[in-house]
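1. After the sequence you'll find the predicted model.
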Amino acid sequence: MLENPRSPRVRAVAKLTKRSARTETGLFLLEGPQSVREALNYLPGAIVELYSTPSAWEKHSDVRTLASEHGIDVEYVTEQVLAAMADTVTPQGIVAVARQTPTSVRDIFAAGPRLIAICEEVRDPGNLGTIIRAADAAGADAVVLTGRTVDPYNPKVVRSTTGSLFHLPFSVGGDLNDVVSRAHDAGLQVLAADVKGDDLLAARAEGVLERPTAWLFGNEARGLEDDMLDLADRALKLPIYGRAESLNLATAASVCLYESAFAQRVAG
């Protein structure tokens, strides 16, 4: 059992809360049984190290069974060691170290997608995690991260996805012009979600949302710059019927993705 919170091994795990360490090692941190469970279910080969307190390992029998099925050994640690490793105050007794496994932009569009989310300079980790989770729930084929979008392996992003990070392909570091060009070449229209756009309900009535679509979402504060909007085939906005000044980016993205998912399924 690992008992020293200051040991080099514990410090190496703890460093993965920093982007520089994640970039240098190609690894990232998973915290809590939910994230670890989804990784074991959908991408077990990515797990490099698995740590748990004895009580948490006893409690989460499903995680224990999955790890055993994939031949992944657990290293027992004390509560103090786990707290030193984790980014959260309450990591729920289990953490893991995993390999980063992004997909190339080329492979994403070569797969013939019908619904994709493109995130351009989304900076808030919670927003990005929620968008990835919503894209997964809506049945999107992938998420493409461009510009200065926050690192998807940031612990807050990983937690916010609640495991969706392992359910669908995503790419990182793409150039928006290149991504939009690839989307068009793959037969997708690019719809920008922007307050300066046309009413989404009108576009729904026109049948626009039935087509294969890449939704483009911008920065939380500034939205999309004019030159970015020019790359899109059309900009659409969600109507606001109440007194709210605006919608949170992740909320708006969730609605847009589901509107396309509904329309595409109705159209067949």
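-> Thanks, I have the structure now.
2. which ones are touching A244?
-> Taking Cβ atoms under 8 Å, 6 or more residues apart in numbering, we find A244 in contact with no residue. For every residue, glycine as well, the C-beta is placed using N, CA and C.
3. please renumber so the chain begins at 220
-> Taking 220 as the first residue, the last one we looked at is A463.
4. Helix, strand or coil: sort out it for me.
-> coil (DSSP: H, G, I helix; E, B strand; the rest coil).
5. can you give me the helices in this structure?
-> Under the criterion DSSP state H, the chain carries helices at the ranges 227-233, 238-244, 252-261, 273-278, 280-288, 298-304, 324-329, 344-356, 374-380, 395-404, 419-424, 445-450, 468-486.
6. chain center to the fourth one: distance?
-> Think helix 273-278. Centre-to-centre, helix 273-278 and its host chain are 28 Å apart (Cα atoms, centre = their mean, to the nearest Å).
7. And that helix, what's buried?
-> For helix 273-278, the neighbour count (16 or more other Cβ atoms under 10 Å) marks 275-276 as buried.
8. Kindly provide the distance from D360 to A330.
-> Per Cβ to Cβ, to the nearest Å, D360 is found 7 Å from A330.
9. got the helices of the chain as JSON lines, with mean pLDDT and distance to C338 columns?
-> Output for those, formatted as JSON lines (pLDDT from 0 to 100; distance: least, Cβ to Cβ, whole Å):
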{"stretch": "helix 227-233", "mean pLDDT": "97", "distance to C338": "28"}
{"stretch": "helix 238-244", "mean pLDDT": "97", "distance to C338": "17"}
{"stretch": "helix 252-261", "mean pLDDT": "96", "distance to C338": "20"}
{"stretch": "helix 273-278", "mean pLDDT": "97", "distance to C338": "33"}
{"stretch": "helix 280-288", "mean pLDDT": "97", "distance to C338": "30"}
{"stretch": "helix 298-304", "mean pLDDT": "95", "distance to C338": "29"}
{"stretch": "helix 324-329", "mean pLDDT": "98", "distance to C338": "13"}
{"stretch": "helix 344-356", "mean pLDDT": "97", "distance to C338": "6"}
{"stretch": "helix 374-380", "mean pLDDT": "95", "distance to C338": "11"}
{"stretch": "helix 395-404", "mean pLDDT": "98", "distance to C338": "10"}
{"stretch": "helix 419-424", "mean pLDDT": "94", "distance to C338": "19"}
{"stretch": "helix 445-450", "mean pLDDT": "96", "distance to C338": "12"}
{"stretch": "helix 468-486", "mean pLDDT": "96", "distance to C338": "8"}
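10. so which of these comes closest to I337?
-> helix 395-404 (6.0 Å; Cβ to Cβ).
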